[in-house]
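Asks: The sequence and its predicted three-dimensional model are supplied below.
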Amino acid sequence: MKPSVIIAMLVLVLAPQCIAKKKQQLVIQVARELLGQWMTRGINFMGHPCELQVVPRFTFWMLFYQCSFSCADWTDIIGEAESRCRLGSAEEAVRDFINKAFRYNLIRQIDATKWYEEQKNITKTF
């Protein structure tokens, strides 16, 4: 087999993995930014007000936190998660929302990157 064919096959196999990894890294960064907003002030994602609800509940005598993240004025997508850790379940709910927004083409990766960069610049000015 020619080396050029092998290289082309490697590029075809590895490129999507690299793109998916960058996308997941962006999801983590955006989710953490939104959690920071939740802890300090109201949540505003891409110019839309959003809400993060954390509800504690007991299951088999253990405390769990059930979370949901939504931007009701913008979309009917709801990010959901459940965990024993309050902050961990909140972060997973936000990630779930962002992943669903990507999947349903509500936002594009370039839009999320631009929004995240703008938020970083706002934070730097304080």
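Replies: On my side now, so go ahead. Numbers count the residues shown, from 1 in each chain.

Asks: Quick check: which element contains residue 51?
Replies: strand 48-59 (DSSP states H and E).

Asks: Buried residues in that strand, which are they?
Replies: 50, 52, 54 (16 or more other C-beta atoms under 10 Å). Heads up, the C-betas are built off the backbone N, CA and C, glycines and all.

Asks: Run through this structure and note the low-pLDDT ranges.
Replies: Low-confidence segments of the chain (pLDDT under 70): 1-21, 40, 123-126.

Asks: Would you mind measuring from the residue nearest the centre of it to residue 60?
Replies: Note on the chain: the residue nearest the mean C-alpha position is residue 95, at 3.1 Å, using C-alpha atoms, centre = their mean. Residue 95 is 26 Å from residue 60, where distance means C-beta to C-beta, to the nearest Å.

Asks: and if you look at residue 66?
Replies: Counting by C-beta to C-beta, the gap from residue 66 to residue 60 is 15 Å.

Asks: got it, and residue 72?
Replies: 32 Å.

Asks: Those two: who's more crowded?
Replies: residue 72 (12 against 5; other C-beta atoms under 10 Å).

Asks: Quick check: that one is in a helix.
Replies: No: applying DSSP: H, G, I helix; E, B strand; the rest coil, one finds residue 72 to be coil, outside a helix.

Asks: how near is it to residue 51?
Replies: 7 Å.
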